[in-house]
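*Asks:* predicted model and sequence follow; I will ask about them next.
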Amino acid sequence: MVMKLDELRKLPKTELWRLYDEKAKTVDPSLNHYRDEVVRREQYKQTKLLVFLTISVLVVTVISAIGVFAR
């Protein structure tokens, strides 16, 4: 049985991995469904970090520019 996307996204990471391992034993075609969700979560975390770092660089750049032009 393949879970609905809403149900899948509500699962904690440990439960998601447990289900993946369980499906991997039988090489179920729905295995990609779980792996894709793990990958999606990792990409989301990386995207959030990248946005944070980009905003941080922007703030430092603006502060530096204000310092240069304030002289």
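*Replies:* Perfect, thanks for sending it.
*Asks:* if I look at the most centrally placed residue in the chain, how far off is residue 8?
*Replies:* The structure's the chain has its C-alpha centroid closest to residue 44; by C-alpha atoms, centre = their mean the separation is 2.4 Å. According to C-beta to C-beta, to the nearest Å, residue 44 stands 14 Å off from residue 8. Heads up, the C-betas are built off the backbone N, CA and C, glycines and all.
*Asks:* one more: residue 61?
*Replies:* Distance of residue 61 to residue 8, given as C-beta to C-beta: 40 Å.
*Asks:* which one of the two is surrounded by more residues?
*Replies:* residue 8 (17 against 10; other C-beta atoms under 10 Å).
*Asks:* centre of this structure to the edge, which residue is at the far end?
*Replies:* residue 71 (42.8 Å).
*Asks:* now stretch 9-21: average pLDDT?
*Replies:* Averaging pLDDT along stretch 9-21 gives 86.
*Asks:* show me what counts as buried in it.
*Replies:* 11, 16, 19 (16 or more other C-beta atoms under 10 Å).
*Asks:* now the first one, nearest residue through space, not along the chain?
*Replies:* Leaving aside its sequence neighbours, residue 11 sits nearest to residue 19 (C-beta to C-beta, 6 or more residues apart in numbering; 7.4 Å).
*Asks:* that neighbour touches residue 34, doesn't it?
*Replies:* Yes: with contact defined as C-beta atoms under 8 Å, residue 19 reaches residue 34; the gap is 5.6 Å.
*Asks:* just to revisit the earlier point, inside helices: which ones of the buried residues of stretch 9-21?
*Replies:* Mapping those onto helices (DSSP state H) picks out 16, 19.
*Asks:* just name the closest of the buried residues of stretch 9-21 to residue 67, please.
*Replies:* For these, the residue nearest residue 67 by C-beta to C-beta is residue 16; the value is 47.0 Å.
*Asks:* I figured the closest one hits residue 38, correct?
*Replies:* Yes: the pair residue 16 / residue 38 is scored as a contact, 6.1 Å apart, by C-beta under 8 Å.
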